[in-house]
Every structure is written in C-alpha cells, then in structure tokens.
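Engineer: okay, predicted coordinates and the sequence, questions at the end:
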Amino acid sequence: MANPEIPSVPDVHDRSGSLLHWADVVVITGYFVLVLAVGIWASRETARNGSISSYFLAGRSINFVLVGASLFASNIGSGHFVGLAGSGASTGIAIAATELGSVFIILLLGWVFVPVYMACGVYTMPEYLQKRYGGQRIRVYLSVLTILLYVTTKISADIYAGAIFIEQTLRWDLYVSVVILLIISAIFTVSGGLNAVIWTDFVQCVIMLAGSLTLLVVAMIKVDGYHSLMERFPQVRPKERWENTSSCAEVPKDFLHLLRSADDPELPWPGVIFGLSVSSMWYWCADQVIVQRVLASKNYAHAKASCVVAGYLKLLPMFLMIVIELLPAGLRGLLLAVMLAALMSSLTSIFNSSSTIFTIDLWKNSFRPAATETELVIVGRIFTCAMIIISLLWVPLIRVSKGSQLMVYIQAVTSYLAPPVACVYFLGILTHRANEKGAFWSLLIGLVIGVLRFAMDFFVYPSPPCGSLSDDRPAIIKHVHYLHFGLILFILCVIITMVVSFLSEEIPQQRLYRLTYALRNITKQRNYSASSSRSGLEMVAQENALENEPFLIRSFRKMCCMAERSDIQLSPAEIEFAESHMLSLVESPKMRWSSNISAVALLVSLSSTCLF
C-alpha cells in the first residue's frame, strides 16, 4: 500500500462512469462538425479535377504552412500523447530526445532529399527507387513491405493508444469507438484525397497545439508550478506493484537528463543519437506518409519552408502532457478532441499514403499499365476502404494483447526493419556507384537479419520482467540494445551495397540525371533503361482510353459522379512546359534566404532546448 505522504498515480481501472460533462460533449461535437466541414469543403476541388495528381499529390499546389502543419499532425499521433507521456512519467524526459533528434533529419529532408524527389517528378518512394536503380523487384518489394508495416505498426499503435484514452474517458466499448473514428476518417480520405487530408491536418494541428498547451498551463497550475512538480515527481509511486518490483516503480535519479549513460537499459545515448537517426532517416526522408506531403508543395521553395515549419513544431512534444482527472468540465472535452485530432490525422495520412503506393506502384506498375486516370483514382479509393476493413480486423488483436509490449514493439520493429531501407535511399541520393544488385541484396540480407533479431527478442529470448533475479539471454541479445543494433545493421547494409555494386556493372551517368543530389540540376534528357517505368508526368499526360475502360470502373465512376475528362488533351508543348515547371528547383532570393536563416535559427533553438 502506498505511503499516504507520497503522491500516487490515479486509479485508471475505475469504470464507474464517463468522466465527461455536458460541456465536454459540446466541445467534442463542435470538433467533429468542424473537421467534417473542412474535409467536405476540401474534397470538392478534388472531385472537380479527378486526376491522379490532384488526388494523390493535391495538384502540387499546397502552401508551405499547410504542408508543415500536415507533417506535424501526421507525425504526432495518439501514440505520442499516450506513449510519450507514459514513458516520461515512468523514466523522465529522456524519451523527448527521440523527438528533438528528428529536427535535424527533417532539415536533411528539405535540403538534401526533397530536391532530388522533386527534380525527378515521382509520386511514391518505391517509384523513386525504380528510377534510380532500375528493375521491378525493389519497387514491388518495398511497396508490399511498406503497406505491411503500416498495418502492423502505425495503424495498430494509433488505434490502441486512442482506444485506451477513449475507454478511460468515455467508458465506451473499444469496438464502437474505433469503428466510429475509422468511418469518420475514411469519409474525407476516400472522397477528397491528399488535398482534403492536408486541410483537415491543418485544422487538427491547430486544435492539438491550442488544446495541449492549454492543458499544460492548467496542469501546471494544479500542481503548483514547475518547481513543485520537480520536487514531487521523484516521490510518485504507482498504486499497483508486483512482488519484488519496488525498485522498478522508483523514478530514476537521472530523470531530468536528456541523454543517459551508454549502458542505460532503455535509452543509451549512442543509440539515441546514432541509432535513432537511422530510423528517423527512414521515417522522415523515405516514408511515403511524410514525403508525399512535401511533394504536394507548390514548388521547391515552399517544400523547404514546410520542413522548417515542421521542425519548429517538433520542439513542442517535450512540453505536452495529459492529466485527465485534474481538468474542469469543457477542458476534458478539449483534451479528448485533441486526442481524436491526433488519431484521425495519423490514420487519414496512413490510409492516403497506402492507397497511393498500392495504386501507383502495384496496380499501375504491375497489374494494369494502361489504366486511365479515372480508374487509378477509383482504385485508390477502393483500397482505402480495404485498409479500413483491415484496421477493424486488427481490433481483436489489440484487445487481447492489452498493449503489454505494443509500444516497445513499435520502436524495436523500426530498428529491425528500417535500416536496410534507409541505406538504399541514403546511398541512392548521395552516391552514383550504388546499383540495383547492391541495393537488392542489401535489402534482402538486411531483412533476414532484422527478422531474426526480432524473432529472438520477442519469441525465443524475451526480456525478463523488471525485478527478475536472472537473465539467461545470450550476450548478443542482452548487451546489444535494439537502437545499437539498428546502427550496426545500417553500417552492414552500406558495406553490402557498395561491395556488390563495385563487383557488378556501373549505372551509366546519363541514366542518373536528376536522380542523385549531385545531378539534381541537370536538365538533359535522361536515358531510361528498358525496365524503367514511365514517369509520373507521362502518366498525367496519358490519354484516357475511356473506350477500353472496364465495366466495373466505368460503373463506379458514374456512381461517384466523376467526370470523364475525355476532352482534356495536352499538346507536346504544354507537356514540355509543365515538366520544366515541375522539375525546376529555382528559388526566389527572398524565399531562399528566409528558409536558410529560419533553419539556422531552428538549429540554435534545438541546441538551447537540449541544454535547458
């Protein structure tokens, strides 16, 4: 039983009734009305256009403020509010280093990766790898792997974290709450594409920031300020403790240290600085959910500026917190609206990006190369509906698991599977010598090693519970932290890629124009290999062969009131003008200097935050 003089954690197992007041219900209702109104309004533009560029990249016409807010909203899911807050309450602020460290990687995206992606005019990340390395197997492999990762990691984590919060506040059944959220998320994702998703992300970003910062101020007032919090926090103990685990319940003495010792069992500093950088490179520079938003920017200058905006917003998660029982009526509803905004923005982002990968990289590239734009948009919407169903089928697994190892699983699986993928993008952007054979064998061998380590960690030699008197795991499992493992695997994949590439044929430089950072500004015609796919621009300019359109697609299009667009034909001159405009990396001096100065100021702010 807890000492009465020591503050304890509130009992989260009380299910006596909802914590919401009628004022909370009004706030939540207002949130749903606002988000749906914005989503439906933004969907109208996509419905009028109907092209794949409009549906999957919002017509490449989005302002940097909207893109930056969408990047932040897509990244900060309900798992951040629940998972980061829980880890912070358990071990201190070291978990915030995982967020702060990603700021540098976001700038790397804007200044190194995005100029190459925009110069070559791609829609998806697997499409870039096919252009860069040639061949089909890497593109298909990464397309399937990405969709599987979305289902088994991102969707599961967001749904579980959101479900926990809803169950504790509304006392709703898990299935009911998840079904409602998924259906609402699907309404504007299916109908409006990326344009609707970005606009609703912007609204939800404003709600998340305003709500969470308001809650932070209220919580600080309730606990008598920052200094009182620092004095009382080390004495907090959970109400429920198991036998021989008293030391596990204690707050570590270094809870205010952002970087822990190299042998820390949870967040060792070499793993946080170097290992997490590998995972962050995959997430921020090569993941479809993030890069797709940056590619929707109206030009390169706005793409860079959007990364700066997202970087500043990423400084905030360290200061966000959740305290349900301390909040008055109305603010509890605001907190729930914040959580719903985080959950729905993450889910809509994943659904839209998954449908983009499936439609462009699998359906268009492998199954129906002659598909019309209308067919591709419809296929994307159907696949989004399929992802909704898969998400619902995942709910029983979440309920059975109760999340005992879910959040640790999400972090670890990224360190196991992301390094090979980050490696092929990193070398593809920065080197000319890496070729398809080297990239493929690096991906294959890296996947095998990562899966083996995952199996040993979670099934063969699981970690003993805290307080256990013995640890019989092999030394390579016990002493090599998963963050360190991710760094080692990345270095190994780099070696494999370069060794195999030097032992095989080099890719001619004329095939790499606008596909590497050094060649990003080359305007000469690129020579495509026989196995290379047609560019995204060629797909936009493709004549719609409506007379050969499948009956099912034609019926679905008419049911959705989508225009046939048979009268839209681009002349060669118009195609050339559109291509030169899209591939241009020219910036106005004002935008260039503004972005560069803001980026430097962001790095200074990051350093100040870490020192604080």
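Structural biologist: Noted; the coordinates are in hand. Residues are numbered from 1 along each chain as shown.

Engineer: quick one: pLDDT of the closest residue in space to F490 that isn't next to it in sequence?
Structural biologist: Distances taken as C-beta to C-beta, 6 or more residues apart in numbering place P419 nearest to F490, at 3.9 Å, with adjacent residues excluded. Glycine gets a C-beta too; all of them are placed from N, C-alpha and C. Note on P419: pLDDT of 93.

Engineer: can you check Y409 too?
Structural biologist: Model confidence at Y409 (pLDDT) stands at 65.

Engineer: likewise H581?
Structural biologist: For H581, the predicted pLDDT is 49.

Engineer: any low-confidence regions in the stretch 301-450 of the chain?
Structural biologist: Within the stretch 301-450 of the chain, the stretches with pLDDT under 70 are 318-331, 334-335, 338, 341-342, 345, 394-409.

Engineer: all helices of it, in order?
Structural biologist: Applying DSSP state H, counting those that start in this stretch to the stretch 301-450 of the chain gives helices spanning 331-357, 373-401, 406-430, 436-455.

Engineer: need the helices for the stretch 451-600 of the chain, in chain order.
Structural biologist: Going by DSSP H, counting those that start in this stretch, the stretch 451-600 of the chain shows helices at 475-478, 482-502, 536-541, 551-559, 572-583, 589-611.

Engineer: can you tell me which residues contact the spatially closest residue to V114 that is not a sequence neighbour?
Structural biologist: The shortest distance from V114 to any non-neighbouring residue, by C-beta to C-beta, 6+ apart, is to A303 (5.0 Å). Counting by C-beta atoms under 8 Å, 6 or more residues apart in numbering, A303 touches 64, 67, 110, 114, 118, 294-295, 297.

Engineer: could you do I183 as well?
Structural biologist: Counting by C-beta under 8 Å, 6+ apart, I183 touches I388.

Engineer: got phi/psi on S297?
Structural biologist: When read as degrees, to the nearest 10, the backbone of S297 gives phi -60, psi 150.

Engineer: and the pLDDT at it?
Structural biologist: So S297 comes in at 86 (pLDDT).

Engineer: quickly list what it is bridged to.
Structural biologist: On the basis of DSSP bridges, S297 takes part in beta bridges with I62.

Engineer: how near is V604 to G311?
Structural biologist: To G311, V604 is 12 Å away according to C-beta to C-beta, to the nearest Å.

Engineer: out of the two, which sits in the busier spot?
Structural biologist: G311 (26 against 10; other C-beta atoms under 10 Å).

Engineer: who's in contact with the more buried one?
Structural biologist: Here G311 is in contact with 103, 106-107, 599, 602, 606 (C-beta under 8 Å, 6+ apart).

Engineer: and F485, by the same measure?
Structural biologist: When contacts are counted by C-beta under 8 Å, 6+ apart, F485 touches 275, 415-416, 453.

Engineer: 10 Å instead, please
Structural biologist: By C-beta atoms under 10 Å, 6 or more residues apart in numbering, F485 lies in contact with 271, 275, 412, 415-416, 419, 449-450, 453-454, 457, 476-477.

Engineer: swap in L256?
Structural biologist: 92-94, 230, 233-234.

Engineer: filter the residues you listed down to the buried ones and hand me the PyMOL line.
Structural biologist: The buried residues among the contacts of L256 can be selected in PyMOL (16 or more other C-beta atoms under 10 Å) with this line:
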select buried, resi 92+94+233
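
Engineer: and the residue nearest to I507 when sequence neighbours are not counted, how close does it get to V278?
Structural biologist: Closest residue to I507 apart from its sequence neighbours, by C-beta to C-beta, 6+ apart: N435 at 5.2 Å. Remark: distance between N435 and V278 (C-beta to C-beta) = 22 Å.

Engineer: what about the residue nearest to F490, how many residues nearby?
Structural biologist: By the criterion of other C-beta under 10 Å, P419 has 30 neighbours.

Engineer: if we can go back for a sec, pick out whichever of the contacts of L256 sits closest to V499.
Structural biologist: Of all the contacts of L256, V499 sits closest to A94, with 36.7 Å by C-beta to C-beta.

Engineer: my read is that closest one is in a strand, agree?
Structural biologist: No - assigned with DSSP: H, G, I helix; E, B strand; the rest coil, A94 falls outside any strand and is helix.

Engineer: that one against P252, yeah?
Structural biologist: Yes - using C-beta atoms under 10 Å, A94 is in contact with P252, at 8.7 Å.

Engineer: what about M125, neighbour count?
Structural biologist: If we define neighbours as other C-beta under 10 Å, then M125 has 28 of them.

Engineer: so how far is A73 from V377?
Structural biologist: Using C-beta to C-beta, V377 is found at 24 Å from A73.

Engineer: whoops, I mixed them up, R592
Structural biologist: R592 is 27 Å from A73, by C-beta to C-beta.

Engineer: what do you get for S143?
Structural biologist: According to C-beta to C-beta, S143 stands 25 Å off from A73.

Engineer: cool, and S415?
Structural biologist: In terms of C-beta to C-beta, S415 sits 25 Å off from A73.

Engineer: mind checking which of these two has more residues around it?
Structural biologist: Taking neighbours as other C-beta under 10 Å, S415 and A73 compare with A73 leading, 31 against 26.

Engineer: my guess is the more buried one contacts K314. True?
Structural biologist: No - A73 is beyond contact range of K314, at 11.7 Å (criterion: C-beta under 10 Å).

Engineer: just the buried members of the contacts of F485?
Structural biologist: Among the contacts of F485, the ones that count as buried (16+ other C-beta under 10 Å) are 271, 275, 412, 415-416, 419, 449-450, 453-454, 457, 477.

Engineer: possible to save the residues you listed as CSV with distance to Y513?
Structural biologist: Converted to CSV, the buried ones among the contacts of F485 look like this (distance: C-beta to C-beta, whole Å):
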residue, distance to Y513
G271, 38
G275, 34
A412, 39
S415, 35
Y416, 35
P419, 29
I449, 34
G450, 33
R453, 39
F454, 39
D457, 43
I477, 46
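
Engineer: one step back: intersection of neighbour lists for A94 and P252?
Structural biologist: Common neighbours of A94 and P252 (C-beta under 10 Å, 6+ apart) are 260, 264, 266.

Engineer: the stretch 151-300 of the chain: strands as residue ranges?
Structural biologist: Remark: no strands are assigned in the stretch 151-300 of the chain by DSSP state E, counting those that start in this stretch.

Engineer: many thanks, have a good one.
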